[in-house]
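In: return a 3D structure for these sequence lines:
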Amino acid sequence: MANRQIEIENKAMKEILIAMHNLGGQVTRKQVLQELRDNSDVFSEKEIDATRTSKKSGKIYHPFQWKFNFAVKHLILAGFIDTANGHDLELSKRGRNVDINKFDADKDVRSISEAKFPHHKAKNEVVTEKIEIGFNVAYLSPCCHADVVFIFSGKSYNKSRLRLRGDF
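Out: Residues are numbered from 1 along each chain as shown. Below is the predicted model of the structure:
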């Protein structure tokens, strides 16, 4: 395993599927979390309810919920869970038919979901949008996390080094 967070997320994926099976397949995230708190042999109630204070903002948060939500996201991207709004969860056909005893989060889920995960896109994406501004051309990357690079008169400028006038 790469690190402890991935290890916990992988354990959480299996526990989430078990909890959803126990609850009938159509649940909310809150119900799954409560089921884990009440019946999980892998995660203690203390671990699920633990809080920390952010060093940056000073706000209190639940680290397990962070890992839980990433595990749910991986299961959604891999096709084990269906959701219309991100809150209400339903086991897909694949999720209903999974053999929990043979379930391997790395092989069954991460191998599919990692490529689809929004924040794992390559930094140097293929340019997909071209905007003509007078005699100059600006190429914009569609990913909100990628740097926007403007190309004027054949020379490339990073957005952070270039001051532009007007709405971009």
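In: which ones are touching Ile76?
Out: The contact partners of Ile76, by Cβ atoms under 8 Å, 6 or more residues apart in numbering, come to 82-83. All C-beta spots, glycine's among them, are computed from the backbone N, C-alpha and C.
In: if we go to 6 Å?
Out: Thr83 (Cβ atoms under 6 Å, 6 or more residues apart in numbering).
In: same question, the one 3 residues further on
Out: When contacts are counted by Cβ under 6 Å, 6+ apart, Gly79 touches 92, 94.
In: wait, is it part of a strand?
Out: No - read with DSSP: H, G, I helix; E, B strand; the rest coil, Gly79 is coil and lies in no strand.
In: ok, it to Lys107 distance?
Out: Gly79 sits 14 Å away from Lys107, going by Cβ to Cβ, to the nearest Å.
In: same question for Pro63.
Out: 26 Å.
In: the two: who's more crowded?
Out: Each of Pro63 and Lys107 has its neighbours counted (other Cβ atoms under 10 Å); Pro63 has more, 14 against 10.
In: now that one, nearest residue through space, not along the chain?
Out: With Cβ to Cβ, 6 or more residues apart in numbering as the criterion, Pro63 has its nearest non-adjacent residue at 5.6 Å, and that residue is Arg52.
In: same thing with Gly25?
Out: Spatial nearest neighbour of Gly25, chain neighbours left out: Leu91 (4.2 Å); criterion: Cβ to Cβ, 6+ apart.
In: what's the top helix by length along the chain packed up against?
Out: The helix that spans the most residues within the chain, counting by DSSP state H, is helix 4-22. Applying 3 or more Cβ pairs under 6 Å, 6 or more residues apart in numbering; DSSP states H and E, one finds that helix 4-22 contacts helix 29-39, helix 63-77.
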